[in-house]
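Undergrad: Give me a 3D structure for the following:
(chains A, B, C and D)
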Number of protein chains: 2
Amino acid sequence: MRPREFDHDEVLRIAFDQFWRKGVRGTSLSDIARDAAVQRGSLYNAFGSKEALFLQAYERYAGDYLAALEKALGVGSLRKRLTAFFDLTISNFRSGTPPRGCPTTRGLMELGAAEGEGLDENARRAFASLISRITALLQDTFAAGAARGEFDGNPAAAALHIVTVTRGLGVLERAFDDEPQLRKIAAHTIDLVLGSKGG
Amino acid sequence: MRPREFDHDEVLRIAFDQFWRKGVRGTSLSDIARDAAVQRGSLYNAFGSKEALFLQAYERYAGDYLAALEKALGVGSLRKRLTAFFDLTISNFRSGTPPRGCPTTRGLMELGAAEGEGLDENARRAFASLISRITALLQDTFAAGAARGEFDGNPAAAALHIVTVTRGLGVLERAFDDEPQLRKIAAHTIDLVLGSKGG
DNA sequence: TCAATTTTTGACACGATGTTCAGAAAGCAT
DNA sequence: ATGCTTTCTGAACATCGTGTCAAAAATTGA
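TA: As a prediction, the model looks like this:
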């Protein structure tokens, strides 16, 4: 059979960058085809539909991102780990020119209620899955910190709180375009959760 | 001159409900015209453009919402005020069938980087303005609480933290459709900020 | 009654989008 | 070489979007 002329993963990366920058609805297959130097028809042949393409591109991103987070959460004191976590998160939101924000948050806001309008249940599951996995990672980190005597609260509640703040940062980033503000909120959150007195 | 045949404010309300449920991009003027029983041309004549219509509809909503928040934040102990604040916020996110989520967050994620793609700078300012006003309201509430000896932290930092969590709740709502979870996070946040021991 | 002014109406122009499809092209196994 | 299978190509299709406009309709004031 005839071999594929383009690199599957590279197209996924290019497509995701477009989705990230302009949203799923705001990105057309023509946009992706142009940037990837691939014919529209080929995209359909290879991925099936726009939504399927997005899902594959998102899964690829989510895997990479989760691996980076896991690494950041694996070394140093609990405070250092949380600091590294927020650093990575904020840097991710601020990546690109202009900054692209949080792709998961942006995707979630494109979910549609009815059939055919906006992203569907499969996409919702993909977004929720990444958030859940991040929460689990944080919970393990807090539990390990507790075992080392660096934390004495409820790991599950603390992890959920951190994740919530993280999602909030993704929103404020869009509203104010103020990176120092985001970092200040992150630092304050760490103090709050760890107890600023005995941190 | 010929009088208008439709109620300006009612059209604004109907339009905003559509924008809220389906997003700005996902709502066409035909949708609004149908629901409002008004001709498309009349909408253009009365509001100028889709974006202008959205902006007016959003301002109307923001005014109402802010007034409700101010009222909720005005009575009882600091803890009671914050509880009422989160109650109102979560109820707002969960209003509608199916729940419509947070309109401000949804709008923010539709902002476009380039000209003509997505909402523009005027919309961003409107969203940011509402968030700033809510933050100011919270800061006043914390300051008043501090004066009564119910709080001993930094009012500005605490207000920003609460707002960040609020924005995060708007995201998690979309991801998990789990209202008890949202309320649990809110309660935990109040404990954290007020200090669960001496709350 | 009649002119002035504004709104309503319905069609029109124009462009974009997701998707499909038939035919050409390119490897691979025999 | 020669089928067989898969991919590529580019056009076609059907739909839907925003925005515009000229003519008709409705109201007010002279």
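
Undergrad: need the contact list for residue A:161.
TA: For residue A:161, the contact set (CB atoms under 8 Å, 6 or more residues apart in numbering or on different chains) comprises A:189, A:193, B:165, B:185, B:188-189, B:192. Just so you know, the C-beta spots here come from the backbone N, C-alpha and C atoms, and that holds for glycine as well.

Undergrad: Please apply the same query to residue A:132.
TA: Not one residue lies near residue A:132 by CB under 8 Å, 6+ apart.

Undergrad: Give me the mean pLDDT for the strand or helix carrying it.
TA: Applying DSSP states H and E as the criterion places residue A:132 in helix A:121-147. Here helix A:121-147 scores 98 as its mean pLDDT.

Undergrad: I'd like to know which of the contacts of residue A:161 is nearest to DNA strand D.
TA: Comparing the contacts of residue A:161 against DNA strand D with CB to the nearest atom of the strand places residue B:165 closest, at 33.7 Å.

Undergrad: mind listing what's buried in the helix or strand containing residue A:160?
TA: In this structure, residue A:160 sits in helix A:155-176 according to DSSP H and E. Within helix A:155-176, the residues that count as buried by 16 or more other CB atoms under 10 Å in any protein chain shown are A:155, A:157-175.

Undergrad: Quickly note the distance from the nearest residue to residue A:150 once chain neighbours are set aside to DNA strand D.
TA: Nearest non-adjacent residue to residue A:150, counting by CB to CB, 6 or more residues apart in numbering or on different chains: residue A:78, 4.2 Å away. Distance check for residue A:78 against DNA strand D: by CB to the nearest atom of the strand, to the nearest Å, it reads 48 Å.

Undergrad: Do I have it right that residue A:78 meets residue A:147?
TA: No. The criterion here is CB atoms under 8 Å, and residue A:78 misses it with residue A:147 at 10.3 Å.

Undergrad: which of these two has more neighbours?
TA: Comparing residue A:78 with residue A:147 by other CB atoms under 10 Å in any protein chain shown, the one with more neighbours is residue A:78, at 21 against 10.

Undergrad: which ones are touching the more buried one?
TA: Residue A:78 touches A:141-142, A:144-145, A:148, A:150-151, A:194, counting by CB under 8 Å, 6+ apart.

Undergrad: can we see that at 10 Å?
TA: A:141-142, A:144-146, A:148-151, A:190, A:193-194, A:199 (CB atoms under 10 Å, 6 or more residues apart in numbering or on different chains).
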